[in-house]
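>>> here is my input, please return the structure:
(chains A, B and C)
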Amino acid sequence: MTLQFNDETFREDYSFHNSQRAINRFPFPFDKDSYMYAVNMEQHRGGPADSVYEKRFDVDEHYVSEMRDRALVLADDPLRCQSLPHMTLAGWDLLELIMVSKSEDYPDLFQLHRNGDQWHWINKPLGIDDTFTFMDETTLPYGPMEYITRQAQGDFCVLDQRDDNLWMDAGTVTTQADWSLDFDIGMNFFEWHAPVPLAHEKGIFVRALKFLLNIQQGAPARRLNWTMTVNPLLDTSPENYHKWGVQKGTITPENIGAKQHLRVELQTFYRLPRSNALVFPIRCYLCAFQDIVTMPKWGRRLHRVIRDLPEELATYKGFIDNRPMMLDYLSKFDDGLPTSNGIWPEKDSEPPLQV
Amino acid sequence: MSGAEKIAVRVAEVTALNALVTRFRFEPVGGGLLPTFSGGAHTVVEMQDGEVKRLNPYSLMSDPFDQTAYTISVRRDDEGRGGSLFMHENVKVGDEMVISNPVNLFSLDLRARKHLMIAGGIGITPFLAQIKQLDRAHGNWELHYSCRSEALGSYVDYLTATHPNDVNVYYDDQKQAIDLENLLDGQPLGTHIYVCGPKGMINWVRAKADALGWPREAVHYEEFLAPQPGKPFEVKLAVSNKVIQVGEQESLLEAMERVGVDAPYLCRGGACGMCETRVIDYAGNFIHRDHWLEDDEHASGEKIMPCVSRFEGKTLVLDR
Amino acid sequence: MSKFQFPPSIISRPVYGTLEARAGKQHLMIADAEGAEALLDLAAPELMARSHIIFISRGTDYAERLKALSPQQFYEGPTYAASVSRIRRVLQDAHMGLQVYLAGTEGLMGQAQNEAMQAGIPHTAIQTEHRGSTARRMQCVHCKGITEDVAIDPFQCAHCGLNLFVRDHYSRRLAAYQGVCIDAEDPGNVPAAKGIYE
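Okay, the predicted model is just below:
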């Protein structure tokens, strides 16, 4: 199918919206009726047709508008995109990975023509048609990582691997769940995860790091993570928290279905060949509560997960104050019927809501 | 193992360099391009040696950016279990083989102001790829290469011809030796040492650097342990409910693979940690040979690295 | 007393030790104020003969006692800012094997550690010992300005004026803890400040 790109905003008037197709393929992150941290990694080698798992870098109806939002953030604060000097080679690796993947997976939208080091890149949705010399920074308008991540949805952390650890040494981060690249750049895996409660004690990060250090070329992995956001705001950065934090208090019983969004991160992990670095794309999907509950299984499950979530996690994810109002709303979509395992909505087999 | 697809290659060239070392050039079967890699990476080569399937890691020595072919150099080991002998005696131009995607456990620290490389014998191979990578990036490096004799000095002519100012060669039989203390003294801050060679050389460099106050993170080394033969032993695999005999000439990992029990691996040389296996029960002694587990883990009797370690005793039950 | 026991915290928060003499031909010691006491505890004649001490006095009078240790080189500066170009110059010509010892306030140790890291010494190889003030060097995550010597929580950013709470999340690269707006969700609701470790 030909993709229709939405003309929408993620700020001010918040005209962001999900089509029925986007709701159908929303990566609902809970595979059972409760949630606790887990490493929950799996191979990223495709998935069900039209799901967000199908392509290496999912391009959806929000692509053009998300890239416009990223350009606004970077114009306002260039520190959201940084690369320590030794990470330039990894930036070229990333540029190649994204250009090759997108041109192979979406040939109607992206084209890459390579003649030795002379590359010709066409990005039709964004109207880009550039020729450049691979590995020659002087032939691109930005560094290689910035150039390509201005054309790819989601945040990108580029991690150097050394001393049996991963180091956050480069990234483009404009759609983050409240963490600062400018602050965390240069930290190792345990340090940048330091503020996360409970997971260190459970040994989650030790096991996750062991897995990530061993990710091989040609064998990418993925997992889902989630949080909550009031309004479809992509840039929930600490940098701008003093501006957007106040929006958390604007939720009412009347508007919560439209304003409260479940924010899901599709995290993928690729070994980069020339630099031996690891790239960690974090793709953000937003879905309003009122759209989630149109899937009976998701409505039942989301209520149970939010109700039973430990207080530390609700605090860390920033919705402890709004949890009672969320539960009032969600309880209307939980009739107590059992749910099937797995994240998929199972529209054909799951019974409709019993009222 | 689970993970990346393997790569089907055809042997394009077999070149004897000297009495001990032969170079093999692999090109992808059916055309196409091989993945790029980073200097210091290795590939695991699969060899079907009669009934036995051997998987040996070899450093990639070709230009990491050259996607038309990979080259490796294999030193003949007449005492070992036969992998290198198989490569020397059985592999011919035109043969098809299967190799793994590149894996790097010996990568350059790209922050280094200067890369100081120390090679012994066949340990030269990862440096050949790293030098090509650094040359492209105008990196600052120098190589100190110790060989038994001129006749056995693999790639000495090539290295000294292309990099006369950066390559220093030492021949054992001419009583030449690296003056390590003087070499390490006076290196600028931000220098990283890389050493690849026999175990004795690695230990010598690490100990000297430590005594001179070098930080541990600035000293990188790679030593592939070839699995050593040993007495046969019996193992019970609890998850797959199988009892297997590990033969004299095979590793525990190879024995598991032979009966279809898949253990993940990257290096098959006791370094990467992937095949770490939990011990459920044992009566006897472990012969730990890896450098992945800590000493207390070796002593605990709770873990074993089946790629290189063995067992002597009555009972061994593993969580596989 | 100049020694303070910091409460246990998250992994990114630095942990300080006790300086000990290590193998090496060159030794660089940087201390401020009461940090001098850690150097006095460390001193041994053979070590001092190979040591360069950079001391930032911040109004204290330890300099004479440090000088009496007969270090190979001694410098006293009034502030870190006044000393930093000298520190960079020393690191520029230093060789692998240089041992770095830092003592005093978190702000001094963090900034000097950053200089040594940039010169090519891994942070794990740099020794630190906390002495003296427990005030922190804070980065405002909003305006990026650094406020020095913050002893209370919350505090007002010296640059943008926002009221910030003091996190334990620490950046070696910035040599600073993170300060985040405390009344973002409920503007004007700023609790009374108290000491960070009260």
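
>>> okay, CA-based contacts and neighbour counts for the rest of this
OK.

>>> am I right that B:F127 sits in a helix?
Yes. Assigned with DSSP: H, G, I helix; E, B strand; the rest coil, B:F127 falls within a helix.

>>> per-residue pLDDT of it, please?
Looking at B:F127, its pLDDT stands at 98.

>>> list the contacts of the spatially closest residue to it that is not a sequence neighbour.
In space, and not counting its chain neighbours, B:F127 is closest to B:G40: 6.7 Å by C-alpha to C-alpha, 6 or more residues apart in numbering or on different chains. By C-alpha atoms under 8 Å, 6 or more residues apart in numbering or on different chains, B:G40 lies in contact with B:S59, B:L60, B:N104, B:L105, B:F106, B:S107, B:L108, B:P126, B:F127, B:A129, B:Q130.

>>> ok, now with 7 Å
B:S59, B:N104, B:F106, B:S107, B:P126, B:F127, B:A129, B:Q130 (C-alpha atoms under 7 Å, 6 or more residues apart in numbering or on different chains).

>>> quick check: bridge partners of the second one?
Spelled out, that is B:N104. Beta bridges link B:N104 to B:A41 when assigned by DSSP bridges.

>>> can you get me a residue count around it?
25 (other C-alpha atoms under 10 Å in any protein chain shown).

>>> and the helices in chain B, which stretches?
B:83-90, B:125-136, B:156-162, B:180-184, B:199-211, B:252-258, B:295-300 (DSSP state H).

>>> next, format those as JSON lines and append mean neighbour count.
JSON lines is the format used below for those (neighbours: other C-alpha atoms under 10 Å in any protein chain shown):
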{"stretch": "helix B:83-90", "mean neighbour count": "17"}
{"stretch": "helix B:125-136", "mean neighbour count": "21"}
{"stretch": "helix B:156-162", "mean neighbour count": "13"}
{"stretch": "helix B:180-184", "mean neighbour count": "13"}
{"stretch": "helix B:199-211", "mean neighbour count": "16"}
{"stretch": "helix B:252-258", "mean neighbour count": "21"}
{"stretch": "helix B:295-300", "mean neighbour count": "12"}
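
>>> so for B:F26, which of these sits nearest?
Nearest of the helices of chain B to B:F26, taken as C-alpha to C-alpha: helix B:83-90 at 12.8 Å.

>>> distance from the chain centre to that closest one, please.
16 Å (C-alpha atoms, centre = their mean, to the nearest Å).

>>> output it as PDB, nothing but the C-alphas.
C-alpha atoms of helix B:83-90 as PDB (Å, rounded to 0.1, in the frame of the first residue of the first chain):
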ATOM      1  CA  GLY B  83      41.900 -28.200  12.900                       C
ATOM      2  CA  SER B  84      44.900 -26.500  11.600                       C
ATOM      3  CA  LEU B  85      46.200 -29.700  10.000                       C
ATOM      4  CA  PHE B  86      42.800 -30.100   8.300                       C
ATOM      5  CA  MET B  87      43.100 -26.600   6.900                       C
ATOM      6  CA  HIS B  88      46.700 -27.200   5.700                       C
ATOM      7  CA  GLU B  89      46.200 -30.700   4.300                       C
ATOM      8  CA  ASN B  90      42.600 -30.900   3.100                       C
END
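
>>> tell me what that helix is packed against?
Helix B:83-90 sits against no helix or strand, with contacts defined as 3 or more C-alpha pairs under 7 Å, 6 or more residues apart in numbering or on different chains; DSSP states H and E.

>>> remind me which residues of the chain are low pLDDT?
As the question left the chain open, I've gone with chain A. Along chain A, the model assigns pLDDT under 70 to residues A:1.

>>> wait, chain B was what I had in mind.
Ranges of chain B meeting pLDDT under 70: B:1-3, B:224-225.

>>> could you list the domains of it?
B:7-104, B:114-222, B:233-318 (automatic domain parsing).

>>> which strand runs longest in chain C?
strand C:163-171 (DSSP state E).

>>> what about that one, near chain A?
Yes. Using C-alpha under 7 Å from any C-alpha of the partner chain, strand C:163-171 comes into contact with chain A via C:H169, C:S171.

>>> if we can go back for a sec, the contacts of B:G40: which two are farthest apart?
Among those, the pair separated by the greatest distance (C-alpha to C-alpha) is B:N104 and B:F127, at 12.6 Å.

>>> list the contacts of residue 236.
Going with chain A. Per C-alpha under 7 Å, 6+ apart, neighbours of A:T236: A:T175, A:Q176, A:A177, A:D178.

>>> hmm, I had chain B in mind actually
B:K242, B:V243, B:I244, B:L316, B:V317, B:L318.

>>> 8 Å instead, please
B:K242, B:V243, B:I244, B:T315, B:L316, B:V317, B:L318.

>>> one more: B:P306?
Contacts of B:P306 (C-alpha under 8 Å, 6+ apart): B:S251, B:L252, B:L253, B:C275, B:E276, B:T277.

>>> hmm, the third one is touching B:I304, no?
By that I understand B:L253. No. Look at B:L253 against B:I304 with C-alpha atoms under 8 Å: they stay out of range, at 10.6 Å.

>>> need the residue closest to the centroid of chain A.
Computing the C-alpha centroid of chain A and ranking residues by C-alpha atoms, centre = their mean puts A:R283 first, at 2.1 Å.

>>> can I assume it sits in a strand?
Yes. According to three-state DSSP, A:R283 belongs to a strand.

>>> that one reaches A:Q267, doesn't it?
Yes. At 6.3 Å, A:R283 and A:Q267 qualify as touching, with contact defined as C-alpha under 8 Å.

>>> nearest residue to C:M96 in space, ignoring adjacent ones along the chain?
B:L189 (4.8 Å).

>>> same thing with C:F165?
Using C-alpha to C-alpha, 6+ apart and skipping the chain neighbours, the partner closest in space to C:F165 is C:P154 (4.4 Å).

>>> same question, B:W214
In space, B:W214 is closest to C:G97, 4.6 Å off (C-alpha to C-alpha, 6+ apart).

>>> near chain A, which residues of chain C?
Within chain C, the positions adjacent to chain A are C:10-12, C:141-143, C:169, C:171-174, C:178, C:180-181, C:183-187 by C-alpha under 8 Å from any C-alpha of the partner chain.

>>> same thing but at 10 Å, please
C:9-13, C:139-144, C:162-163, C:167-174, C:176-187 (C-alpha under 10 Å from any C-alpha of the partner chain).
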